[in-house]
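>>> here is the input, now give the coordinates:
(one chain, ligands or ions: 1)
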Amino acid sequence: MQNSFRWYGPNDPVKLTDIRQANAEYVVTSLHQIPYGEKWSKKDVKKRIDYINKNNNSYNINLKWNVVESIPVHNNIKLRTKNFKKLISNYKDTIANIASNNIYTICYNFMPIVDWTRTQLDFKLPTDGLALKFNYLQIIIFEMYILKLKDLEKRYTFKQIKNAEKFFKSMNTNDIKNLKLAVMGGLPASETKYSINEFKKMLNAYKKVTNKDLKQNLREFIKEIMPVAEENKVKMGIHPDDPPIPLFGVPRIVSTLEDYKYILDSYNSSCNGMTFCAGSLASNFSNDVYKIFSKFKKRVNFIHLRNIKKEKDRKSFYESNHLKGDIDFVRLIKMILKEEKRRSKIKKIEIPMRPDHGHSLLDDQSKKNFNPGYTAIGRLMGLSELRGIIKSVI
Ligand code: DNO
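Below is the predicted model:
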C-alpha cells in the first residue's frame, strides 16, 4: 500500500515535515481554496505540486501527491438543477487538468448537503485521548432544537423522540454550541459552514428528492464524467456516505453493498471505482466490510483505514483506536495485500491508503487550530499500528 497522509494544504497546522516524520511517503490533498464547482486549472494544480516539491530536497523523504481528495460535487449536480451542466463541464476539465499533472487517483462523494458528519468532536476515551463521535439522538436534537423542524414523528419513533428530549435536558449551552458546529460545518472538507436558514433552504431543495431520483442523478453524473477519466487514465473512487444512513430525512445512496453494485454497474470500467473507507462502511450495522471488499476488490482505487465502535442503539458509534474497534484490521489488511499481489503479476502495484482520522493525543490537545480527526500525533499512531500489521502479515 502507498502509505499516505491527508494534508489540507499550506494552511494545515500539520506540516509536510510532520507527515514525513509520521513515516508517510505520499500526501493526499485537494485545492480547498477553490470554491465548489469551479474549474481547477493546470496551473492551480502545478502550483500545489511545486509547493510540495519545495519542501522536498535531496536529504529528506520526497513526499508525492498521489491522490486528490476530493473534487467536491456541487449540490446542483446532485440535484441536477440550475447550472449543473456547466458544473459538470468544469468537473470534467478539472479531472483532465489534474491528470495532466500526473496525478491519477481522485476521490469524491455524493453525500447531499453535508459531507461527513459527527455530533461530538471531543469524546473522551478511557485513555484520555479525544475521539470523534456520532450520536443518533443528537441528530434528532439538532433537528428538533437547532433547526426547529416540524413533523419529526414522520421519520423518528415516539421512543426516539422522547429519548432525544431527555438527552437534550442533560446538555449545557456549550454542548449545544458544539453540536451545532459539528453538524453544520465544523469538520474539515465540509462543503460550507451553513447558517441555520441556509441549512433549511438546502433541506427544502432536497425535499422531494427520493432515493431513486438521487441514484439516477448519480448514474447520469457517472456516465458523463467517466469517459473523461478513462481518456486521462484517472481512477475515480467514490467514497461511502459517512455515516452510511439517511440523515435529516434526505436519502443517502452510497451506503451499502447494493448501492455500490448499482454505482459500479452504471459504468463498467476500472476508472469507475470505489474509495474503500472501512470505518464509514462499518458504521452501518447491516454492512459486512469484508464482504464488500471481496465483492468489489478489483474496483478499489483508494483505501481509508479507520476503526469504529458501534453502540447499542445500532446507529451511533465513536471512532476507536485502529486496533480496538469492530473491524479486524489484521483480517482486512490480509485481504488488501492479497488483492495487491493479484494486481502486481505484471508490474508492482500499490493501492494508495491513508489512515483515516486519528484521535487527539498528547500535544494535539493543546493546539488551538486543528482539523478535527486530522491531528498529527493521533494519525501518526494510527499509521504506525497499520504499518505494524502490514509488515507482519506480508
Ligand atoms: C472524512 C473523509 C471524507 C472524505 C470525503 C471524500 O474524514 O473521509 O469526508 O474526505 O467525503 O469525498
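
>>> for residue 21, which residues are in contact?
If a contact means C-beta atoms under 8 Å, 6 or more residues apart in numbering, then residue 21 has residue 380 as its contacts. To be clear about C-beta, it is placed using only N, CA and C from the backbone, and glycine gets the same treatment.

>>> got the residue ranges for the helices in the stretch 151-300 of the chain?
Listed in chain order, the helices of the stretch 151-300 of the chain (DSSP state H, counting those that start in this stretch) span residues 158-169, 173-183, 196-205, 211-231, 257-266, 278-282, 289-296.

>>> so which of the ones you listed is the most surrounded?
Per-stretch averages of neighbours, counted by mean count of other C-beta atoms under 10 Å, single out helix 278-282 among these, with a mean of 26.

>>> residues of this protein that sit close to the ligand?
Proximity of the chain to the ligand is assessed by C-beta under 6 Å from any ligand atom, with 69-70, 107-109, 115-116, 189, 239, 242, 277, 304, 356-357, 373 identified as the residues in range.

>>> now, among the residues you listed, which is nearest to residue 49?
Nearest to residue 49, judged by C-beta to C-beta, of those is residue 69 at 15.4 Å.

>>> surely the closest one meets residue 27?
No: using C-beta atoms under 8 Å, residue 69 is not in contact with residue 27; the gap is 10.0 Å.

>>> between the two, which contacts overlap?
With C-beta under 8 Å, 6+ apart as the test, residue 69 and residue 27 both reach residue 6.

>>> now do the helix-or-strand element of the chain with minimal mean pLDDT: which elements does it pack against?
Within the chain, confidence by mean pLDDT, DSSP states H and E is lowest for helix 173-183 among all helices and strands, at a mean of 90. Helices and strands touching helix 173-183, as assessed by 3 or more C-beta pairs under 8 Å, 6 or more residues apart in numbering; DSSP states H and E, comprise strand 120-124, helix 136-141.

>>> list the contacts of the longest one.
In this case it means helix 136-141. For helix 136-141, the surrounding residues in contact (C-beta under 8 Å, 6+ apart) are 117, 119-120, 152, 156, 160-161, 163-164, 167-168, 171, 179, 183, 247-248, 313, 315-316.

>>> give me the mean pLDDT for it.
Helix 136-141 shows a mean pLDDT of 96.

>>> how about the shortest one?
Here strand 120-124 scores 93 as its mean pLDDT.

>>> residues of that strand that come out buried?
Judged by neighbour count using 16 or more other C-beta atoms under 10 Å, the buried positions of strand 120-124 are 120, 121, 123.

>>> direction included, what does that strand pair against?
Take DSSP bridges as the rule and strand 120-124 pairs in its sheet with strand 130-134 (antiparallel).

>>> which residues are contacting the partner strand?
Contact partners of strand 130-134, identified using C-beta under 8 Å, 6+ apart, comprise 117-125, 243, 283, 316-320, 357, 359-361, 365, 372-373.
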